[in-house]
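Engineer: Next comes the sequence, and after it the predicted model I'd like to discuss.
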Amino acid sequence: MHATTQPAPVDQGNGQPIPGTPAPAPSHQVEAVSHAPLWQRIVSGMIVFVILAAFCSFVLGVQFPGLYGRGKEEGTKEHKDNDRPPLPGVSLVKDKPHTLEVPEDVRKVLGIRKGGKEVLATVRVPDTMRPLVMTGSTALNPTRLARIRARFAPARVVKIGQVQDFSHKTGRTVYRELGNGDFVKKGDVLGVFYSLDVGSKKNDLLDALVQLQLDQQLLDEMEKHASAISGAVLLTQRIAVQHDRNAIGRALNNLKLWDIPQDELDELHGEANKIGADKDAWFKTPEGRWVKGEKQAKPGDGEPNKEELDRWARVTLRAPFDGVIVERNLHVEEMVVDQTVNLFQIADVSRLLVIANAPEDQLPTLEALDPSERNWTIRTVGVTSAEGLPGPIEQIGWLIDPNQHTAVIEGYVDNPGQRLRGGQTVSVTVRIPPPPGEVEIPIDALVDDGKQSLVFVQADDAVNQYTMRRVQVTHRFDQRVFVRSTSIPKAEQITVQEAEEGLLTKEPLRQGERVLQTGAGELKAALLNLESLTKKQSAEEKDDKR
């Protein structure tokens, strides 16, 4: 049976207990707590909350607003680093600025030591840089593009060169006219033309050759009897011979200017010899038979037509080099009257021109390359080699595109197997050699807080001491960075503002030194924290002495 407590007598007027009446004793402790005042319960809850928050902050490392004092540098990364609790056993090394001595257990926790070895990277000279990749296109080599034109006009097309081909309809090998895409070799016939102008010039050369033979024979006979002939007559004959020679040279130069093949010119020389040897040879021609009054054969009576007999009016165009026909603009029986029209275009596709667009900020890098280093590799559809097709860079343009801010660079690339074509989109890659006076370290070894770039260097691998050093970064890549290894000018080591902010002086990083690849961020925070505590203790000691 539970004990009960009788309520104390209460004054009906003000609700207060009657003075002198003894307070009843509580019958149970839980009942007394449940009837405690509200403000006491609130204070007790707040005290419990603060104790739990402090315990979580200490164990988990989480800072709660209001539990830590606010310093002058609150909000900066350096202040946050200083607020971190120091690593156990880590201490500053005397007489070595910015140097920490780290015990083995901490190095294992931070990952500095794994598998009984230190995770350190050796500073080395870089061997490659990030390649410069640009887009571009191919083009036919302008130095190996022949534009075949008729320098003799008007002219009639008599025949088009033929090529052997396989007919899918008949299943047999047939001959057809040359067209776009056909390969030709040097000397192959492209077309045969009939030109009155060419025939006239060839006849002029033939006349000059025959006249020279006659005049030369006459001069030789006169010189045999020079004593019986006056000097004036002999001199006149010599002048006639010289005139014949000049006429031959003039006619020959005109024909060569029209690209008349040499074999056709040789035929003229042979024809002149026949005429000189046989006085009746001309009467065997249609013209000579007509002069003699012989009846002329009509076409179709078995008599060759005039075009077949008058070979001098025929002109044969031949391929100047091995290549592919990329343009044809004529057909049989067509009259060519415009000397500026390209009858054929033949391109040597064994070597193509490559045109790429280089950003203007990359031009100093390209121009700084040694001529032997100005090479690139080409990648595009049809290139099966993983390395691409190599080729030299021939020219860097002087004009900058105002819209794209790029300059045109040109070069050539071999085209084995004729896999590349003109106008094809390509990707060109230029290997940039690393600059002198720089070394390479892994990007994990660098601690960059936005104001300075820091690394931890182990000077002696027998001592577990690491010195924090500020370096000058020159290039950043995905997995590595380049830093300066040569002496830094005094004006670039540190500015006045950086010195006021407490930043370190920039120092070079030498080849062969060893830097930490992991744990650098934690060591930096511990170093700043210990140095801050040391400064604070020194200041307090000075105040005590005063």
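Structural biologist: Cool, the structure landed.
Engineer: Report the rounded mean pLDDT for whichever strand or helix holds Thr429.
Structural biologist: For Thr429, the element it lies in under DSSP states H and E is strand 425-430. For strand 425-430, mean pLDDT is 91.
Engineer: Mind listing the strands that strand pairs with, and their directions?
Structural biologist: When pairs are called by DSSP bridges, strand 425-430 turns out to pair with strand 132-139 (antiparallel), strand 375-379 (antiparallel).
Engineer: chain center to stretch 178-187, what's the gap?
Structural biologist: The chain centre lies 34 Å from the centre of stretch 178-187; the measure is Cα atoms, centre = their mean, to the nearest Å.
Engineer: Among the strands paired with strand 425-430, which comes closest to Glu498?
Structural biologist: Between Glu498 and the strands paired with strand 425-430, the tightest spacing by Cβ to Cβ is seen for strand 132-139, at 33.0 Å. Any C-beta I mention is one placed from the backbone N, CA and C, and that applies to glycine too.
Engineer: how far does whichever helix or strand comes after that closest one sit from the chain's center?
Structural biologist: Per DSSP H and E, the first helix or strand lying C-terminal to strand 132-139 is strand 145-148. Taking the mean of its C-alpha atoms, strand 145-148 sits 31 Å from the chain's own mean (Cα atoms, centre = their mean).
Engineer: What lies in contact with strand 145-148?
Structural biologist: 190, 317, 319-321, 323, 342-348 (Cβ atoms under 8 Å, 6 or more residues apart in numbering).
Engineer: buried residues in it?
Structural biologist: 145-146, 148 (16 or more other Cβ atoms under 10 Å).
Engineer: and what of stretch 312-324?
Structural biologist: Burial within stretch 312-324, assessed by neighbour count using 16+ other Cβ under 10 Å, is assigned to 312-320, 322-324.
Engineer: What is the end-to-end distance of it?
Structural biologist: 29 Å (Cα to Cα, to the nearest Å).
Engineer: Quick check, Ala313 in contact with Ser195.
Structural biologist: Yes: the pair Ala313 and Ser195 qualifies as a contact (Cβ atoms under 8 Å) at a distance of 6.1 Å.
Engineer: longest helix in this structure, by residue count?
Structural biologist: Longest helix in the chain by number of residues, with DSSP state H as the criterion: helix 196-224.
Engineer: name the helices or strands packed onto that one?
Structural biologist: Contacts defined by 3 or more Cβ pairs under 8 Å, 6 or more residues apart in numbering; DSSP states H and E place helix 196-224 against helix 231-257, helix 262-277.
Engineer: and those as CSV, adding mean neighbour count, distance to Val123 and mean pLDDT?
Structural biologist: Formatted as CSV, these follow (neighbours: other Cβ atoms under 10 Å; distance: least, Cβ to Cβ, whole Å; pLDDT from 0 to 100):
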stretch, mean neighbour count, distance to Val123, mean pLDDT
helix 231-257, 14, 70, 90
helix 262-277, 14, 70, 80
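Engineer: Tabulate these in JSON lines, adding columns for distance to Gly437.
Structural biologist: Shown next, in JSON lines, are those (distance: least, Cβ to Cβ, whole Å):
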{"stretch": "helix 231-257", "distance to Gly437": "61"}
{"stretch": "helix 262-277", "distance to Gly437": "62"}
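Engineer: Quick one: closest of those helices to Leu140.
Structural biologist: helix 231-257 (26.5 Å).
Engineer: so what's Thr486 up against?
Structural biologist: 437, 508.
Engineer: Confirm that it sits in a strand.
Structural biologist: No: Thr486 is assigned coil when assessed by DSSP: H, G, I helix; E, B strand; the rest coil, not a strand.
Engineer: Now for Asn529, which secondary structure element holds it?
Structural biologist: helix 520-545.
Engineer: Which elements pack onto that helix?
Structural biologist: So helix 520-545, by 3+ Cβ pairs under 8 Å, 6+ apart, packs with helix 77-83, strand 91-92, strand 99-101, strand 447-448, strand 453-458, strand 465-471.
Engineer: Out of the ones you listed, flag the one nearest Pro392.
Structural biologist: Of all the helices and strands packed on helix 520-545, strand 465-471 comes closest under Cβ to Cβ, at 36.8 Å.
Engineer: Using CSV, write out the CA atom coordinates for that closest one.
Structural biologist: C-alpha atoms of strand 465-471 as CSV (Å, rounded to 0.1, in the frame of the first residue of the first chain):
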residue,chain,number,x,y,z
GLN,A,465,62.5,15.3,-41.2
TYR,A,466,60.5,17.2,-43.8
THR,A,467,61.0,20.8,-44.8
MET,A,468,58.1,22.8,-46.2
ARG,A,469,59.3,24.9,-49.2
ARG,A,470,57.5,27.3,-51.4
VAL,A,471,58.0,26.7,-55.2
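Engineer: need the next SSE after that strand, C-terminal direction.
Structural biologist: That would be, after strand 465-471 and using DSSP H and E, strand 473-476.
Engineer: And Asn464, how close does it get to Lys96?
Structural biologist: From Asn464 over to Lys96 the distance is 13 Å, taken as Cβ to Cβ, to the nearest Å.
Engineer: And those two? Which one has more around it.
Structural biologist: Neighbour totals were compared for Asn464 and Lys96, and Asn464 leads with 17 against 12 (other Cβ atoms under 10 Å).
Engineer: Can you name the residues that contact the nearest residue to Gly521 once chain neighbours are set aside?
Structural biologist: Excluding the flanking residues, the one nearest Gly521 by Cβ to Cβ, 6 or more residues apart in numbering is Val447, at 5.5 Å. Val447 makes contact with 453-455, 520-521, 524, according to Cβ under 8 Å, 6+ apart.
Engineer: hmm, 6 Å instead?
Structural biologist: By Cβ atoms under 6 Å, 6 or more residues apart in numbering, the contact list for Val447 reads 454, 520-521, 524.
Engineer: Count the neighbours of Gly136 for me.
Structural biologist: 22.
Engineer: partner residues bridging it?
Structural biologist: Ala356, Val426.
Engineer: What distance do you get for it to Ala356?
Structural biologist: 3 Å.
Engineer: Adjacent strands (with direction) for the strand ranked longest in the chain?
Structural biologist: The residue-count maximum for a strand in the chain (DSSP state E) belongs to strand 389-400. Strands that pair with strand 389-400, judged by DSSP bridges, come out as strand 375-379 (antiparallel), strand 406-414 (antiparallel).
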